[in-house]
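> kindly return the folded structure for what I paste below:
(chains A and B)
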Amino acid sequence: EDKVVQSPLSLVVHEGDTVTLNCSYEVTNFRSLLWYKQEKKAPTFLFMLTSSGIEKKSGRLSSILDKKELFSILNITATQTGDSAVYLCAVGILTGGGNKLTFGTGTQLKVEL
Amino acid sequence: GAVVSQHPSRVICKSGTSVKIECRSLDFQATTMFWYRQFPKQSLMLMATSNEGSKATYEQGVEKDKFLINHASLTLSTLTVTSAHPEDSSFYICSARDPQGISRYEQYFGPGTRLTVT
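Sure, this is the predicted structure:
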């Protein structure tokens, strides 16, 4: 059974802190790993990773994939209260039914003043 | 970026009735749409993959007769929850894949529909 596990489940930090969110996976037919940010409603896309060791960066957020150890991390530096959200990791897999995403349980991040 | 809308955003219905949820891709044509279900403090669980002009592919454990999916056009997919029961109360989110996008795995999500069955 395909499995995506995120840790920690939740954390609370203060503005300005740096956080690292983890995502490990055990799937067949891995194709890509995606990070999403979910606030009140729909998840919004952050990154898609397909190659090991290549960091993707967008402002204060960055992410990297290790396909040998089967995990990815999402870093957020100089956190702000607006970063408070659930961060979802999803793995893109190829199945007999087509391409689909399997999501982890998410990490609830709360950034306090 | 690509925009996906859902309607209604919130619906309350009585047990035994049916509810239809619409998912539309507003600025692109989506040959494939996905329906997810999300319980409080849990992740998104894929229910089915909807392909325009053909039958939906349901995930294991999802009752196809209870969750009817229709993808009649390149911009619209509908999910009908038939004979709803309180345990069907959940947050339903659709997503769509842009065939012109850079990846077949990148999905654009709708804002979700909160279904409450009383």
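> find me the pLDDT at the closest residue to chain A within chain B, would you?
In chain B, the residue that lies nearest chain A is B:Tyr105 (3.3 Å; Cβ to the nearest Cβ). Quick note: C-beta positions are derived from backbone N, CA and C, even for glycine. As predicted, B:Tyr105 sits at a pLDDT of 72.
> for A:Lys37, pull up the helix or strand it's in.
Using DSSP states H and E, A:Lys37 falls within strand A:30-38.
> off-centre distance for that strand?
Its chain's average C-alpha position is 6 Å from that of strand A:30-38, according to Cα atoms, centre = their mean, to the nearest Å.
> next SSE downstream of that strand?
strand A:43-49.
> in terms of secondary structure, what does that next one contact?
strand A:30-38, strand A:56-58, strand A:61-66, strand A:71-76, strand A:85-95, strand B:108-109 (3 or more Cβ pairs under 8 Å, 6 or more residues apart in numbering or on different chains; DSSP states H and E).
> what's the closest of those strands to B:Leu115?
Closest to B:Leu115 of the helices and strands packed on strand A:43-49 is strand B:108-109 (Cβ to Cβ; 16.7 Å).
> contacts for the closest one, please.
A:36, A:42-45, B:1-4, B:25, B:93-98 (Cβ atoms under 8 Å, 6 or more residues apart in numbering or on different chains).
> immediately after that strand, which helix or strand?
Per DSSP H and E, the first helix or strand lying C-terminal to strand B:108-109 is strand B:113-117.
> okay, now the sheet partners of that following strand, with direction.
Applying DSSP bridges to the sheet, strand B:113-117 is found paired with strand B:10-13 (parallel), strand B:90-97 (antiparallel).
> what mean pLDDT does it have?
96.
> where's the closest residue in space to A:Gly82 that isn't next to it in sequence relative to chain B, distance?
Once flanking residues are discounted, A:Gly82 sits nearest to A:Val111: 7.8 Å by Cβ to Cβ, 6 or more residues apart in numbering or on different chains. Using Cβ to the nearest Cβ, to the nearest Å, A:Val111 is found at 19 Å from chain B.
> surely A:Val111 meets A:His14?
Yes: A:Val111 lies in contact with A:His14 (Cβ atoms under 8 Å); the separation is 7.2 Å.
> now do the shared contacts for those two.
A:Thr79.
> the two: which has the busier surroundings?
Using other Cβ atoms under 10 Å in any protein chain shown as the criterion, A:Val111 and A:His14 rank with A:Val111 on top: 20 against 10.
> so for the more buried one, what's the pLDDT?
The confidence metric pLDDT takes the value 98 at A:Val111.
> same check on B:Arg10?
pLDDT recorded at B:Arg10 is 96.
> same deal with the one 3 residues further on?
Looking at B:Cys13, its pLDDT stands at 95.
> give the contact list for it.
So B:Cys13 contacts B:19, B:84, B:115-118 (Cβ under 8 Å, 6+ apart).
> correct me, but the residue of chain B closest to chain A touches A:Tyr36?
No: the criterion here is Cβ under 8 Å, and B:Tyr105 misses it with A:Tyr36 at 11.9 Å.
> these two touch, right, B:Ala56 and B:Leu46?
No: the pair B:Ala56 / B:Leu46 is not scored as a contact, 11.4 Å apart, by Cβ under 8 Å.
> the residue most central in space within chain B pairs with what?
In chain B, the centroid-proximal residue (Cα atoms, centre = their mean) is B:Trp35; its distance is 3.3 Å. With DSSP bridges as the criterion, B:Trp35 is bridged to B:Ala48, B:Cys94.
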